[in-house]
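Q: Output the structure for:
(chains A, B, C and D)
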2 protein chains.
Amino acid sequence: MTSAEQLKYRPNALARSLRVENTSTLGLVIPNVGNPFFTAMARAVEDAAREMGYSLMIGNADEDPGKESEYLNVLMEKRVDGLIVSPARAISPPLNEIARSGVPLVFLDRYVKGIEAPVVRADGRKAVDSLVEHLVDLGHERLAIISGPPETVPGRERLDAFLRGAEDRGVPVAEERVKIGDFRRESGLRAMRELLELNESPTAVFAANNLMGLGALQTLSRAGVKIPGEISFASFDDVSWFELTTPSVTAIAQPTAELGAAAARMLPVLMEGRERPESVILEAELVVRGSCGRVGGAA
Amino acid sequence: MTSAEQLKYRPNALARSLRVENTSTLGLVIPNVGNPFFTAMARAVEDAAREMGYSLMIGNADEDPGKESEYLNVLMEKRVDGLIVSPARAISPPLNEIARSGVPLVFLDRYVKGIEAPVVRADGRKAVDSLVEHLVDLGHERLAIISGPPETVPGRERLDAFLRGAEDRGVPVAEERVKIGDFRRESGLRAMRELLELNESPTAVFAANNLMGLGALQTLSRAGVKIPGEISFASFDDVSWFELTTPSVTAIAQPTAELGAAAARMLPVLMEGRERPESVILEAELVVRGSCGRVGGAA
DNA sequence: CTGAAAGCGCTTACAG
DNA sequence: CTGAAAGCGCTTACAG
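A: Numbers count the residues shown, from 1 in each chain, chains lettered A, B, ... in the order given. Next up, the predicted model:
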């Protein structure tokens, strides 16, 4: 038995990192740990990181740019070798500094303009358009959307695709039926309540992410509204329990694990610094289940 | 503008920590990030840590003792100031070393015997007993359980409470209706399938955690089994969508956020080393919804 | 091939 | 009060 084993010696990673000038640690900042989409993605990032010999430090911004900045600062001070971030909102001072400091950076799901870094995300436009088509085929004319913040790329993209798809098919979405949420459950719950109180309430509602979808479903459930008899409903993001509700929920699925893994694997190539990796844009996909029905149809 | 601002100077936390011999970082090792119970708890830990001026490094063991050990080693080498762990299974070599190294350690939810460290968890026995009573009141005699691993404390506790409650009320659980899962979805799915194939299939099934509950519900849904008409169902752990299914799911709720916060706040007092903090045991609570019905009753 | 020294970037105790 | 020096625990380049 060596003395190291005897004394339960553990090398001090702090000292080592200080000397070799790398930490074998990657940083990941996500907007919301309460969102299964991001935790699933974090898991995939973590798995890929482990495979490549890196540990992962995760920061949860809670959709709050202030918290996000704090985490970015901490991760930089802890000298992570690379950073994956899904920015809550717009550009922030630390993000700016990171970009110009040359620390390897990749955006995941969300990104901000004006910073040159590869992006890994799913393009939801086609899938949203397919959803609108599906709804129009079922005879819906009074469409509504519970949108995410338009200042985020996915928020803006899903909103635009929905509005445009409806417009193109001759059933433009009235302004009062466009509700802007913040990607969190509460906002979906409230938005759905407002939609139900409209004089001309919608016959079909699309929630632009899973959490707002959950909130919207809670409102519908509490109000005793029949799906799809009285209102058809669909949500962006697929979650395992969408197939368990009655009826099961029509949703748009993102290739979550692939996104996380792709982002993680991009970091080492960024570190080597020889080639600029290309952005990776995958497709989201409409999964038709039972929550959208013919307009005015029976439950 | 100082030169530090100009050059976007960032203090090197590695160097600082090496010198001051603390990292202002706490470590948390959870058995499964795919489990909303643990992510909710992680969130609470993180919030409390932030409030006290600590960052948090999270490790996900994936119910795998090997991964858990890896993470414990990494966290120790990175010299976290304290450690919260929810061990996947039994005692492991790194856990042992940590305990005798004097690094502040608290167990959260799960714990292992033979290591002296305070425990923060919810006691599920009363709630499970209330559930059995509820089921017996509804006339059920063929009860089944999808249990977690009996070598974990919560797994063993819930199993024992269920078996004992049934026995005490004169409706002992037949051995073939005791299925042992691993707290993951797949195992719940499989266990429920096996239960349905029994000659004398159960009239009421209890899943010992949320993920196995989800899996069990998926099997029931795919098999077209009516709840509670054909089978009554309840699950340990409450999750937000249990109230959205039709019928909504009777479940046992844990005070998740309180548990996480209590564990985090215990660490600084452990560090000061003056007092040994007491373990914190909170109560889980039965939330009766619609998924358990009178035996043989209509859907 | 082996072993002593230098240095990573901080903080703190100490000399001036 | 200010400023130079020592030292945290490693790794690596270098002298012997």
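Q: When you work out contacts or count neighbours from here on, use the C-alpha atoms and nothing else.
A: Fine.
Q: What strand or helix carries the residue nearest to A:A42 when sequence neighbours are not counted?
A: Spatial nearest neighbour of A:A42, chain neighbours left out: A:G260 (6.5 Å); criterion: CA to CA, 6 or more residues apart in numbering or on different chains. Here A:G260 sits within helix A:256-272, counting by DSSP states H and E.
Q: Direction included, what does the next helix or strand after that helix pair against?
A: Next helix or strand after helix A:256-272 toward the C-terminus (DSSP H and E): strand A:280-283. The pairing partners recorded for strand A:280-283 under DSSP bridges are strand A:119-123 (parallel).
Q: Now do the partner strand and helix A:256-272, the angle between them.
A: With axes from the mean of the first three to the mean of the last three CA atoms, to 10 degrees as the basis, strand A:119-123 and helix A:256-272 are set at 160 degrees to each other.
Q: following strand A:119-123, which helix or strand shows up next?
A: helix A:125-137.
Q: How about residues contacting that following helix?
A: A:157-158, A:161-162, A:165-166, A:169, A:204, A:252, A:283-286, A:292 (CA atoms under 8 Å, 6 or more residues apart in numbering or on different chains).
Q: Ok, stretch A:266-282 next?
A: Residues outside stretch A:266-282 that contact it (CA under 8 Å, 6+ apart) are A:81-83, A:104-106, A:118-123, A:255, A:259, A:262.
Q: Flag every residue of chain A that's near DNA strand C.
A: Neighbours of DNA strand C within chain A, by CA under 7 Å from any atom of the strand: A:A15, A:L18, A:R19.
Q: how far away is the last one from B:R276?
A: When distances are taken as CA to CA, to the nearest Å, A:R19 and B:R276 turn out to be 37 Å apart.
Q: How about A:E68?
A: Separation of A:E68 from B:R276 (CA to CA): 35 Å.
Q: Between these two, tell me which one has more neighbours.
A: A:E68 (26 against 13; other CA atoms under 10 Å in any protein chain shown).
Q: Now do the contacts for the nearest residue to the more buried one once chain neighbours are set aside.
A: Spatially, and ignoring its direct neighbours in sequence, A:E68 is nearest to A:A61 (4.5 Å; CA to CA, 6+ apart). By CA under 8 Å, 6+ apart, the residues touching A:A61 are A:V29, A:I30, A:P31, A:N32, A:K67, A:E68, A:Y71, A:A88.
Q: which of the residues you listed are buried?
A: Buried by 16 or more other CA atoms under 10 Å in any protein chain shown: A:V29, A:I30, A:P31, A:N32, A:K67, A:E68, A:Y71, A:A88, out of the contacts of A:A61.
Q: what about the first one, is that helix, strand or coil?
A: To tie it back to what came earlier, the one meant is A:V29. Classification of A:V29 using DSSP: H, G, I helix; E, B strand; the rest coil returns strand.
Q: Identify the bridge partners of it.
A: Counting by DSSP bridges, A:V29 is bridged to A:G59, A:V85.
Q: hang on, it packs against A:G59?
A: Yes. Taking CA atoms under 8 Å as the definition, A:V29 is a contact partner of A:G59 at 4.6 Å.
Q: residues shared between the contacts of the two?
A: Listed as contacting both A:V29 and A:G59 by CA under 8 Å, 6+ apart are A:E68, A:Y71.
Q: Need the pLDDT of A:R89.
A: If you check A:R89, the pLDDT there is 84.
Q: I should have written A:T2 there, sorry.
A: A:T2 is given a pLDDT of 42.
Q: Residue in chain A with the shortest distance to DNA strand C?
A: Proximity to DNA strand C, evaluated over chain A using CA to the nearest atom of the strand, is greatest for A:R19 at 3.4 Å.
Q: What is the burial count for that residue?
A: A:R19: 12 neighbours (other CA under 10 Å).
Q: The one 4 residues further on now?
A: Each residue near A:T23 was counted by other CA under 10 Å, and the total is 21.
Q: That one contacts A:S17, doesn't it?
A: Yes. Between A:T23 and A:S17 a contact is recorded at 5.1 Å, counting by CA under 8 Å.
Q: what residues does chain A put near chain B?
A: A:8, A:10-15, A:17-18, A:33-34, A:36, A:39-40, A:43, A:55, A:57-58, A:76-79, A:97, A:214, A:217-218, A:221, A:241, A:243-246 (CA under 8 Å from any CA of the partner chain).
Q: What subset of those is buried?
A: Buried members of those, counted by 16+ other CA under 10 Å: A:13-15, A:17-18, A:33-34, A:36, A:39-40, A:43, A:55, A:57-58, A:76-79, A:214, A:217-218, A:221, A:241, A:243-246.
Q: before we move on, what SS does the residue of chain A closest to DNA strand C have?
A: helix.
Q: The one 4 residues further on now?
A: Three-state secondary structure (criterion: three-state DSSP) places A:T23 in coil.
Q: State the distance from it to A:L108.
A: Counting by CA to CA - A:T23 and A:L108 are separated by 22 Å.
Q: For A:S201, give me its contacts.
A: Contacts of A:S201 by CA under 8 Å, 6+ apart are A:R142, A:R177, A:L195.
Q: quick one: the closest residue to A:R79 other than its chain neighbours from A:N96, how far?
A: The shortest distance from A:R79 to any residue other than its chain neighbours is 6.7 Å, reached at A:T23 (CA to CA, 6+ apart). Using CA to CA, A:T23 is found at 22 Å from A:N96.
Q: Could you do A:I115 as well?
A: 7 Å.
Q: Could you do A:E243 as well?
A: As judged by CA to CA, A:E243 and A:N96 stand 41 Å apart.
Q: Among the residues of chain A next to chain B, name the ones in strands.
A: Assigned to strands by DSSP state E, the following of those qualify: A:S55, A:M57, A:I58.
Q: wait, isn't the first one in contact with A:V45?
A: No. Judged on CA under 8 Å, A:S55 makes no contact with A:V45 at a distance of 10.1 Å.
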